[in-house]
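**Q** Predicted model and sequence follow; I will ask about them next.
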Amino acid sequence: MQSFNTPDMIFSVQELITFLSASVTLLPGTVILTGTPPGVGAAKTPPRFLQVGDRMVTTISGIGSLVNTVQKEEV
């Protein structure tokens, strides 16, 4: 439902790291959350939310893809 590339970000990855590292020590493994790209399901008409069986794929060029499938939570 959403597709986005880092060159389309308002601030570049370099700018984000520069800004954050000015006040916070970034250690190996630090995750920087940058928000969500356009196309969120809650804003669609009708709203669309993840369902059991939906697959989420995150791809980084030159590294690979991470695939997660939505499953029902065991209570």
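**A** Yep, it's here. Since we're looking at a predicted model, the values are computed, not measured.

**Q** Now do the contacts for Val57.
**A** 65-67 (CB atoms under 8 Å, 6 or more residues apart in numbering). Backbone N, C-alpha and C define where each C-beta goes, glycine included.

**Q** Mind putting these into a markdown table with distance to Asn5?
**A** Shown next, in a markdown table, are these (distance: CB to CB, whole Å):
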| residue | distance to Asn5 |
| --- | --- |
| Ser65 | 14 |
| Leu66 | 16 |
| Val67 | 19 |
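
**Q** quick one, helices of this protein?
**A** 13-21 (DSSP state H).

**Q** center of it - which residue?
**A** Centroid-nearest residue in the chain, with CA atoms, centre = their mean: Thr36, separated by 6.0 Å.

**Q** Now do the contacts for that residue.
**A** By CB under 8 Å, 6+ apart, Thr36 lies in contact with Gln2.

**Q** mind pulling up the phi and psi values for Gly39?
**A** As for Gly39, its main-chain torsions (degrees, to the nearest 10) stand at phi 110, psi 20.

**Q** So it sits against Met1, correct?
**A** Yes: applying CB atoms under 8 Å, one finds Gly39 in contact with Met1, separated by 5.5 Å.

**Q** just to revisit the earlier point, out of the contacts of Val57, which comes closest to Ile17?
**A** Nearest to Ile17 among these: Leu66, at 21.0 Å, using CB to CB.

**Q** lowest confidence element among the helices and strands of this structure?
**A** strand 55-60 (a mean of 90; mean pLDDT, DSSP states H and E).
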